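>>> coords please:
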Amino acid sequence: MAWTGTPGTGSIVMDGTLRATGVGIGMAPSNILDITQTQNAQSVGKLLNANASTLAQASWQLQNNASSVGTLSLTGSGYTPTATWDRADGTYLAANGAGGLSISAYHASGVITLHTGSSHTERLRLGAAGAAYVNDTANANMTIGGTWNQGASDDEIGAWKSSDIAHGITDNTETDTYGIIKKVVAASGGILVEGYTEATIGYYLGGAYTTGNTTKTAAGRAAVTINAWKKSGTGLTGPGAGENLLAVLSSTSARFIVDQEGDYHYDGADGGAFDGEDDASIARSHDIALANPATVIRDEFDRYVSDEKDTLIRSGVIQYIPPEREARGERSLVNGTQLQRVHNGAIWQGRLIDCAIAEALRKTVPGFDVAFIAELQRTSLPEIPMLQQGV
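Numbering: from 1, shown residues only. Just a heads-up that it's a prediction; the model follows:
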């Protein structure tokens, strides 16, 4: 072993093998190697590998009895990466032991932060209490959880991907993205959750529960519950009169709305009418074909209602289900809006029949029309304009 030095520089060059219980530089050693330099400046220990070839690295390695290695390494500018985590002219920390790699800030208020960019901008923070922050440092309303701050950006703040997926809807998101979260309106907020698929179901909302709720009052709840509030000062209150709570859209057009009073509104455009049908018979077909037979009181006039299920299918109240699928227990849902149109037609046809009977009696029974209108008035029923015209 040889020691050499440059007078006045305070440096020592060692070449050889040193066997000792410890080495101290600037202090008496208490460990294998202790180095001290007390000064109002950065104290630097430097390991240089000036080679620029494909394998060049400057590394510190730790090794245990199992030959596991922990490495802190800086690669050269000409380095050829061998994995996804090492890059040319980059620093990496790696461990190949079964215990993995742990990073700990174990002071009571200690945090772990990650920074990027030439200005060392903080991008990720792991708080001492267990919260994680992306592009933020605190959230007074969170103890444990995740906070994402996208600054002034208006694109996706969250995205879920899978290599199994290539839906091709790339005008909206990347083709392997099956779910995103972003703002509804760039300047005012709101959360937009969208799902993307190659098949049929783009977004599935479900709730699994333990205790059922059968209450059918304002206190009722359900496995999937949707609630709407309105801003009140710095808090929340219920929506105002007539304000919309829930809307179902087709692209940009509303098709179904539920308002504050619980009324629902739907787009009935181009629904058609059943003026050319016997609407009461269609309505009766619904009960005969679909209701529990024990609850249906059959009468002699039911013989005039035939092919009940075919009538419902032809009128669009139910959908045709092939026999083999019916045999497996599959049944059609009822088109409620179409059934409502049947009821509307049946009501009007009933009025016309009443008017026809009244008109026939008016022509054959003297004074019938005056007596009939008087009876309607006595019982607070609306007068029939068609009959008044004949008075």
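>>> low-confidence regions, the stretch 151-300 of the chain specifically.
Confidence mapping of the stretch 151-300 of the chain against pLDDT under 70 gives the ranges 271.
>>> apply 80 and report the result again.
269-272 (pLDDT under 80).
>>> the helices in it, which residues?
Along the stretch 151-300 of the chain, the stretches classed as helices by DSSP state H, counting those that start in this stretch are 279-290.
>>> quick one, domains of this structure?
112-176, 230-266, 279-388 (automatic domain parsing).
>>> looking at the ones you listed, spot the one closest to G45.
domain 112-176 (21.6 Å; Cβ to Cβ). Quick note: C-beta positions are derived from backbone N, CA and C, even for glycine.
>>> can you give the distance of the closest one from its chain's centre?
In this view, domain 112-176 has its centroid 16 Å away from the chain centroid, taken as Cα atoms, centre = their mean, to the nearest Å.
>>> quote the end-to-end distance of it.
End-to-end distance for domain 112-176, by Cα to Cα, to the nearest Å: 31 Å.
>>> quick one: contacts of stretch 344-361?
273-275, 277-280, 282-283, 368-369, 372, 384, 386-387, 390 (Cβ atoms under 8 Å, 6 or more residues apart in numbering).
>>> for these, pick the one with the most neighbours.
I282 (24 neighbours; other Cβ atoms under 10 Å).
>>> between the contacts of stretch 344-361, which sits nearest L124?
The closest of the contacts of stretch 344-361 to L124 turns out to be A273 (Cβ to Cβ; 61.9 Å).
>>> quick check: buried residues in the one helix or strand E375 maps to?
Taking DSSP states H and E as the definition, one finds E375 inside helix 368-378. Residues F368, D369, F372, I373 are the ones in helix 368-378 that count as buried (16 or more other Cβ atoms under 10 Å).
>>> over to stretch 83-93?
Per 16+ other Cβ under 10 Å, stretch 83-93 contains these buried residues: D86, Y92.
>>> can I get that stretch in PDB, CA atoms only?
The C-alpha trace of stretch 83-93 is given here as PDB (Å, rounded to 0.1, in the frame of the first residue of the first chain):
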ATOM      1  CA  ALA A  83     -34.500  -2.300 -18.700                       C
ATOM      2  CA  THR A  84     -37.400   0.100 -18.600                       C
ATOM      3  CA  TRP A  85     -36.100   2.000 -15.500                       C
ATOM      4  CA  ASP A  86     -32.500   2.800 -16.700                       C
ATOM      5  CA  ARG A  87     -31.800   5.400 -19.300                       C
ATOM      6  CA  ALA A  88     -28.700   7.100 -20.700                       C
ATOM      7  CA  ASP A  89     -27.400  10.000 -18.600                       C
ATOM      8  CA  GLY A  90     -29.900   9.100 -15.900                       C
ATOM      9  CA  THR A  91     -29.700   8.100 -12.200                       C
ATOM     10  CA  TYR A  92     -31.500   5.100 -10.800                       C
ATOM     11  CA  LEU A  93     -31.900   3.400  -7.500                       C
END
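>>> off-centre distance for that stretch?
The answer for stretch 83-93 is 35 Å, by Cα atoms, centre = their mean.
>>> longest strand in this protein, by residue count?
Scanning the chain for the longest strand, with DSSP state E as the assignment, gives strand 177-185.
>>> show me where pLDDT drops low in the stretch 1-150 of the chain?
Looking at the stretch 1-150 of the chain by pLDDT under 80, you get 1-21.
>>> circling back: wait, which of the domains of the chain is closest to A56?
Short answer: domain 112-176, nearest of those by Cβ to Cβ, at 24.5 Å.
>>> any idea how far the residue nearest to the spatial centre of the chain is from F256?
In the chain, the C-alpha nearest the mean C-alpha coordinate belongs to V193, at 4.3 Å (Cα atoms, centre = their mean). Distance from V193 to F256, counting by Cβ to Cβ, to the nearest Å: 19 Å.
>>> quick revisit: in a markdown table, list the domains of the chain along with distance to G24.
Shown next, in a markdown table, are those (distance: least, Cβ to Cβ, whole Å):
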| stretch | distance to G24 |
| --- | --- |
| domain 112-176 | 32 |
| domain 230-266 | 62 |
| domain 279-388 | 84 |
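>>> those: which one's closest to G76?
The nearest among the domains of the chain, by Cβ to Cβ, is domain 112-176 at 21.1 Å.
>>> mind giving me the packing neighbours of the helix holding E375?
helix 336-364, helix 385-388 (3 or more Cβ pairs under 8 Å, 6 or more residues apart in numbering; DSSP states H and E).
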